[in-house]
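Asker: Curious how this folds, go ahead:
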Amino acid sequence: MKVEHARMHAKHRGHEAMHAEMVLILIATLVVAQLLLVQWKQRHPRSYNMVTLFQMWVVPVYFTVKLHWWRFLVIWILFSAVTAFVTFRATRKPLVQTTPRLVYKWFLLIYKISYATGIIGYMAVMFTLFGLNLLFKIKPEDAMDFGISLLFYGLYYGVLERDFAEMCADYMASTIGQSSAFTSSASAAGASWERSRRVPTAKRR
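Answerer: A predicted model of the protein is given here:
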């Protein structure tokens with residue numbers, strides 16, 4: 001037994017140093033990656049928001065299909081379809097007059113649903129921790145799964161809705177600003193043209 005123990009130590013000699021180096025490399029990588037992400041967000045916030053939003057929107061689908069979470073997949077498809085339509089309307093030029101109201105109503109509805117879902121999930125988790133689920137003859141595992149699922153749905157779609165709403169608002173503000181600038185320049189050009197027409201007439205008089 002002692003011989004086997006000594007052989008094992010001899011075989012794994014030097015692994016402690018290798019493990020320490022791996023931990024240091026992991027910590028250094030995390031620190032550098034965090035610094036790069038901060039710099040990216042400060043210097044190019046629009047591309048940063050687009051990439052992070054796309055990843056947060058698409059990556060969960062892989063785990064959903066792999067783990068057979070069909071309920072989440074159905075909700076995700078419905079949310080994505082309507083949000084894609086609303087985003088498409090918000091990025092059109094020229095902007096339709098009813099589009100801002102459509103964007104506001106849709107994302108306000110998602111915000112209210114996400115908020116209510118998160119609150120219900122939080123209450124379900126707290127009631128389970130205090131054992132109130134036993135009053136309704138519900139197993140702790142089922143009650144906790146229900147509460148955590150609702151918390152996840154509320155947080156995920158709440159954050160996703162916020163980012164999509166900010167993106168649509170930026171696009172609409174940019175479109176409205178360009179239209180206002182074009183209208184102002186056109187009005188100024190028309191006014192100067194009118195003044196140029198009146199000046200020769202005044203000189204003739």
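Asker: middle-most residue in the protein, spatially?
Answerer: The residue lying closest to the centre of the chain (CA atoms, centre = their mean) is L160, at 3.6 Å.
Asker: and that residue, which of the three is it?
Answerer: Taking DSSP: H, G, I helix; E, B strand; the rest coil as the rule, one finds L160 in the helix state.
Asker: Pretty sure it sits against M56.
Answerer: Yes: look at L160 against M56 with CB atoms under 8 Å: they come within range, at 6.3 Å. In short, each C-beta sits where N, CA and C put it, glycine included.
Asker: hmm, back to that, show me the residues around the residue nearest to the centre of the chain that make contact.
Answerer: By CB atoms under 8 Å, 6 or more residues apart in numbering, the residues touching L160 are 53, 56-57, 79.
Asker: As JSON lines, these with neighbour count would be great.
Answerer: Putting those into JSON lines (neighbours: other CB atoms under 10 Å) gives the following:
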{"residue": "L53", "neighbour count": "17"}
{"residue": "M56", "neighbour count": "13"}
{"residue": "W57", "neighbour count": "17"}
{"residue": "F79", "neighbour count": "17"}
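Asker: out of those, who's nearest F164?
Answerer: Nearest to F164 among the contacts of L160, counting by CB to CB, is L53 at 7.1 Å.
Asker: and the closest one, how far is that from V59?
Answerer: 11 Å (CB to CB, to the nearest Å).
Asker: Tabulate the contacts of L160 (TSV), appending secondary structure and distance to V125.
Answerer: Shown next, in TSV, are those (DSSP: H, G, I helix; E, B strand; the rest coil; distance: CB to CB, whole Å):
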residue	secondary structure	distance to V125
L53	helix	28
M56	helix	23
W57	helix	26
F79	helix	23
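Asker: If we only consider those, which is nearest to T91?
Answerer: Nearest to T91 among the contacts of L160, counting by CB to CB, is L53 at 13.9 Å.
Asker: So what's the residue count around the residue nearest to that closest one when sequence neighbours are not counted?
Answerer: Nearest non-adjacent residue to L53, counting by CB to CB, 6 or more residues apart in numbering: D163, 4.6 Å away. For D163, the count of nearby residues is 16 (other CB atoms under 10 Å).
Asker: So D163 is in contact with M56, correct?
Answerer: Yes: counting by CB under 8 Å, M56 is a contact partner of D163 at 7.4 Å.
Asker: domain ranges for this structure?
Answerer: By the assignment in the TED database, the chain contains the domains 1-43, 45-184.
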